[in-house]
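Student: Sequence first, then the predicted structure, then my questions.
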Amino acid sequence: MTKFKSFLFTLFLILSQVSFSQVRTVKELDINWKFQKGDVENAQQESYNDSKWETVTVPHDWAIYGPFDKEVDKQTVAIVQNGEKEATEKTGRTGALPHVGTAWYRNKFTISEADLAKKTILLFEGAMSEPQVYLNGEKIGEWAYGYSYFYFDISKFLKKGENTLAVKLSNKEFASRWYPGAGLYRKVSLITKNKESINQWGTYITTPKVSKEEAKVNIKTKVSVTNGALVTTILDADGKEISSNKTTLEFGNEFDQNIKVDNPNLWSPEHPYLYKAVTKLYVNNELKDEITTRFGIREIKYEANKGFSLNGKVTKFKGVCLHHDLGPIGTAINKAALRRQLTILKEMGCNAIRSSHNMPSFEQLELCDEMGFLFLAESFDEWAKAKVKNGYHRFFDEYAEKDIVNLVAATKNHPSIVMWSSGNEVPDQHGEAGVKRAKWLQKIFHREDPTRPVTVGMDQVNSVMKSGFGALLDIPGLNYRVHLYEEANKRFPQGFILGSETASTVSSRGIYKFPVKQGKNVQYDDFQSSSYDLEACSWSNVPDEDFVLQDDKDWVIGEFVWTGFDYLGEPTPYDTSWPSRSSYFGINDLAGLPKDRYYLYRSRWNKDAETLHILPHWNWEGREGEVTPVFVYTNYDSAELFINGKSMGVQKKNKNTPQNRYRLMWMDVKYEPGIVKVVAFDKDGKAVAQKEIKTAGKPYKLVLNPDRKTIKANGKDLSFVTVSVVDKNGIPCPTVTHQLKFKVTGKGTYRAACNGDATSLEQFHLPTMKLFGGKLVVLVQSEKEAGNIELTVTGKGLKTGKVSLRSEE
Ligand code: GAL
């Protein structure tokens, strides 16, 4: 460009910005929704009187308020995928919360005369499930899968003034293998823009060439016009303009721009650097549309015998699988709750998330981009063959392609996503039709996004080795079956295996069972699993067995542990034992409190921090003199254990068994109250760290510990306050189970509480709950007005606990 031309162009940009300051608006429909459960007649009509309906805010999960009820999901079935042959009565499989049935949501919004001439998109980021959408009494569209993002162009249905939106949702029984939630549980928004504009999800940013010196950023932009010019400017993380490109539309309605970035800051979990692309569409020199897309510059590769590399560095997935519920607040999406989960996982050294077994929320992806997590974005738990009576197989033929297209279109600019998954343990792994479906789905992903590979979490490993199903996938993902990794790797052509789902070890936080021994499907009278981390399911294994493969085989490219957090539903091994109603698989419990296993993973995954964790707790009145093994999870190789000053000897990690390799275990320790001390040694035998735990005296006072003391005054933000009990000397009392009461005053409200007990039937939103393992977590929510907030927790015989929080604009 000559200097003069460039001056004119800059002038033109300035002028057009002045005359069209706001070319598009995004309005979140969050408040003043009217909600009614049941199939209400005529509720779609504009004139319908909904004044008696409950007023709710969206995101909203209508079922999380309970009560828990055994009958909700009672079912006599054999869960074939768990290897069961005989039907038994199961309860709690979907969380025993009242999510089944129909419900209506209504909302009113205003449209101006000027907006009528524009284009308006109504976007749902998820609606559980089978949404039927009406505007001013007329049906404007529908969808099926509760996890899909979808939108409608509602321009032609709008009128000036008040418009009435009505959404009908229906959840069938036996439609899920876990708690699916219910309602408009993700955001709903209205996007108003010019008719001449950038298409919804019309921007596709890739980085086809990446080196330390320079990166080529390719930006494809689909627009609604066939003439016009597109200006894209790239901003660095500080908002500084670094390069720009103007392209004129010559063919069709897609712009293709290539922009060079010198010395790019590459995105990685350790350095999650994000750029922004600001794209402006001009028609006849008038600014018509503008969007900002965040992206990262990074290079991903999957190679035989080398595995996955990120920016040229071989990187193993140290990942966890997550279901979408957020424990006590259910499935209603909440960024503070998601951020807390990711903060806990980051501290563990986790670098990857798998959104099992469905589309992730936009908020989760945004946070993974920002905080640095690799992401495996999954789509389905079923294809055409059923796992549950009313599962996704009902929609597969009609919707699978549409659902994938929307998944990819909406999320493909997230640098965190490094792999797609078209399915999890689909029964279609058996038979020729399944092989065809696998191929078909993978092709759709490739067509929509040629830059990322596709996997399927496979559990029918013998079958997929024979049929060609496993061989055709970009990434062969194995769920469990550690004994088949070697064979699968030989038989598959890819040259690597992903542990798409691993471990499924079960435990309850703070609960220990004796004698300590490894076992499968072990059950106890209290419906809890032992926190010695030695119990798994018939199909699964303890963590150490995965570690061996991850450490010894270069061709194993990582693992996604089942699961990062406990979730509502699937109370294996107690799915025939009411009142169990949530999972035992989590590394963290349903309240987000770490179980012992957290430290086992941390000792391997978090290379920057010291881990020295002792288990069990040391409060075993009545077990004096009995064998009470002590385990230590640590990044150090060896340690010496002392009970009340007496040495129990030095233990050193060794390769005799998987457990000996990753845990330090003193199996013969006899219980006596007092002090357990561990001294850890470095490779040269030098004492470098130590830790103590002590037997507690009588419970004395409540201690409150918030994850954040200052939260945002937006009516949504949450502070998670961990409540525990200590004795007079401040020693934690890990066995107490007092009933507590919660009160929030000032500019905040009590949102929910959770104690992580998978058998508890206490409702999360009521301001009282029993401690479990001496702890629970209270969620305090901000109001829209800023100010001081105080949480008071009381319990009989305990000194009251108080904490002051603040909310700010
Ligand atoms: C897997 C399945 C998960 C969960 C898990 C429990 O087979 O993919 O959804 O059911 O087992 O171990």
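Tutor: Right, received. Where do you want to start?
Student: contacts and neighbour counts: CA atoms only from here.
Tutor: Fine.
Student: Right, and the ligand sits closest to which residue of the stretch 451-600 of the chain?
Tutor: Going by CA to the nearest ligand atom, the ligand is nearest to Ser504 of the stretch 451-600 of the chain, at 4.8 Å.
Student: Which residue, other than its chain neighbours, is closest to that residue?
Tutor: Trp562 (5.0 Å; CA to CA, 6 or more residues apart in numbering).
Student: what's the answer for Gln518, then?
Tutor: Per CA to CA, 6+ apart, closest to Gln518 is Leu534, 4.7 Å.
Student: hang on, isn't that neighbour packed against Thr505?
Tutor: Yes - if you go by CA atoms under 8 Å, Leu534 and Thr505 touch, sitting 7.3 Å apart.
Student: ok, and what's touching stretch 453-468?
Tutor: Outside stretch 453-468, the residues that touch it by CA atoms under 8 Å, 6 or more residues apart in numbering are 418-426, 429-432, 435, 442, 445-446, 470-471, 473-481, 484, 488, 491-492, 500-501.
Student: what do you get for stretch 301-319?
Tutor: For stretch 301-319, contacts defined as CA under 8 Å, 6+ apart pick out 210-211, 266, 268, 298-300, 349-354, 374, 494-496, 554-561, 605.
Student: which parts of it are buried?
Tutor: Across stretch 301-319, burial judged by 16 or more other CA atoms under 10 Å covers 301-302, 306-311, 314-319.
Student: same check, this time on stretch 268-277
Tutor: Under the neighbour-count criterion of 16+ other CA under 10 Å, stretch 268-277 has Ser268, Pro269, Pro272, Tyr273, Leu274, Tyr275, Lys276, Ala277 buried.
Student: can you check stretch 472-486 too?
Tutor: So, applying 16+ other CA under 10 Å, buried residues of stretch 472-486: Leu472, Leu473, Asp474, Ile475, Pro476, Gly477, Leu478, Asn479, Tyr480, Arg481, Val482, Tyr485.
Student: again with stretch 171-185
Tutor: 171, 173-185.
Student: Nearest residue to Glu432 in space, please, no chain neighbours.
Tutor: Residue nearest to Glu432 in three dimensions, not counting chain neighbours: Ser467, with 7.3 Å by CA to CA, 6+ apart.
Student: how many neighbours does that neighbour have?
Tutor: Number of residues near Ser467 (other CA atoms under 10 Å) recorded here: 16.
Student: All the helices of the stretch 601-750 of the chain, in order from the start?
Tutor: With DSSP state H, counting those that start in this stretch as the criterion, the stretch 601-750 of the chain has helices at 658-662.
Student: where does it come near the ligand, residue by residue?
Tutor: Within the stretch 601-750 of the chain, no position lies close to the ligand (CA under 6 Å from any ligand atom).
Student: which stretches of the stretch 601-750 of the chain aren't confidently modelled?
Tutor: Of all residues in the stretch 601-750 of the chain, none has pLDDT under 70.
Student: By proximity to the ligand, which residue of it wins?
Tutor: Here the stretch 601-750 of the chain gets closest to the ligand at one residue, Tyr601, 17.9 Å apart by CA to the nearest ligand atom.
Student: Contact partners for that residue?
Tutor: Met348, Gly349.
Student: Over to the one 5 residues further on?
Tutor: Going by CA under 8 Å, 6+ apart, Asn606 touches Glu347, Met348, Gly349, Cys350.
Student: check contacts around the residue nearest to the second one when sequence neighbours are not counted.
Tutor: Among residues not flanking Met348 along the chain, Arg602 sits closest, at 4.5 Å (CA to CA, 6+ apart). For Arg602, the contacting residues are Glu347, Met348, Gly349, Cys350, Thr611, by CA under 8 Å, 6+ apart.
Student: any idea how far Thr634 is from Arg602?
Tutor: Per CA to CA, to the nearest Å, Arg602 is found 8 Å from Thr634.
Student: Please enumerate the shared neighbours of those two.
Tutor: Shared contacts of Arg602 and Thr634, defined by CA under 8 Å, 6+ apart, comprise Thr611.
Student: Ala471 should be in a strand, yeah?
Tutor: No - using DSSP: H, G, I helix; E, B strand; the rest coil, the assignment for Ala471 is helix, not a strand.
Student: doesn't Pro493 make contact with it?
Tutor: Yes - applying CA under 8 Å as the test, Ala471 and Pro493 come out as touching, 6.1 Å apart.
Student: now the strand with the most length in the chain: mean pLDDT?
Tutor: Ranked by residue count under DSSP state E, the longest strand found in the chain is strand 198-210. Strand 198-210 shows a mean pLDDT of 98.
Student: Could you do stretch 424-434 as well?
Tutor: Computed over stretch 424-434, the average pLDDT equals 97.
Student: How far does it sit from its chain's centre?
Tutor: For stretch 424-434, the separation from the chain centroid amounts to 26 Å (computed by CA atoms, centre = their mean, to the nearest Å).
Student: what does stretch 174-186 give?
Tutor: Per CA atoms, centre = their mean, the centroid offset for stretch 174-186 relative to its chain is 15 Å.
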